[in-house]
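# need the 3D shape of this:
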Amino acid sequence: MVNSGPSTDAAGASSRKKWAKCLCPDDDTPPVGVVYLLDRLRAAGPDEQVSRLLARNPADHVALGNPDMVFYLLDQMREAGADQQAAALAERAAAPAVLRSSSAVESLLEYLREAGADQEAATLAARLPAAGMFDLFQEYTGTRYCDLPR
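Take a look at the predicted model:
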């Protein structure tokens, strides 16, 4: 018999704590856990479990530091029919989104456009030049810096 020892118990407790955090999100819950859990629950088909997770309103609590994961969570919420929560998350995500990856920001802008969150998309787009994302700003707004009055 193999002795699993305290390290295995600790790993199991850590894993349970991680998933419990996804089920009871707070302001520093990474969206990746909620995305994964929502995806797995939807794939398994128990609508009741998806409803329970969404009833905990993860849109109001997940961390917003990773625009890619925020985009994936928005997408999962939309697919699960949680349009109001997706709209709330989009509103929360636009202003403080971390602008490191232009592809992540572009995905988030695209989602906001598709969701009709024009004000949130405009808020996010207005921050692009300060982040050095001039090409994305130009693409999104149709404005070229050489066209601006000096």
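# against Arg52, how distant is the residue nearest the centre of the chain?
Against the mean C-alpha coordinate of the chain, by Cα atoms, centre = their mean, the closest residue is Val70 at 1.2 Å. Val70 sits 22 Å away from Arg52, going by Cβ to Cβ, to the nearest Å. Heads up, the C-betas are built off the backbone N, CA and C, glycines and all.
# show me what contacts Asp68?
101, 103-104, 107 (Cβ atoms under 8 Å, 6 or more residues apart in numbering).
# rerun at 7 Å
101, 104, 107 (Cβ atoms under 7 Å, 6 or more residues apart in numbering).
# of those residues, which belong to helices?
The helices, defined by DSSP state H, take in 104, 107 from the contacts of Asp68.
# returning to what we had before: leaving out chain neighbours, which residue sits closest to the residue nearest to the centre of the chain?
Once flanking residues are discounted, Val70 sits nearest to Ala93: 4.8 Å by Cβ to Cβ, 6 or more residues apart in numbering.
# the one you found: what secondary structure?
With DSSP: H, G, I helix; E, B strand; the rest coil as the basis, the three-state label of Ala93 is helix.
# what's the separation between it and Gln76?
14 Å.
# same deal with Arg42?
For Arg42, the distance to Gln76 (Cβ to Cβ) stands at 7 Å.
# same question for Val70.
Here Val70 is placed at a distance of 11 Å from Gln76 (Cβ to Cβ).
# now do the shared contacts for the two.
With Cβ under 7 Å, 6+ apart applied, the contact sets of Val70 and Gln76 do not overlap.
# what about Val34, neighbour count?
Residues contacting Val34 under the criterion other Cβ atoms under 10 Å number 26.
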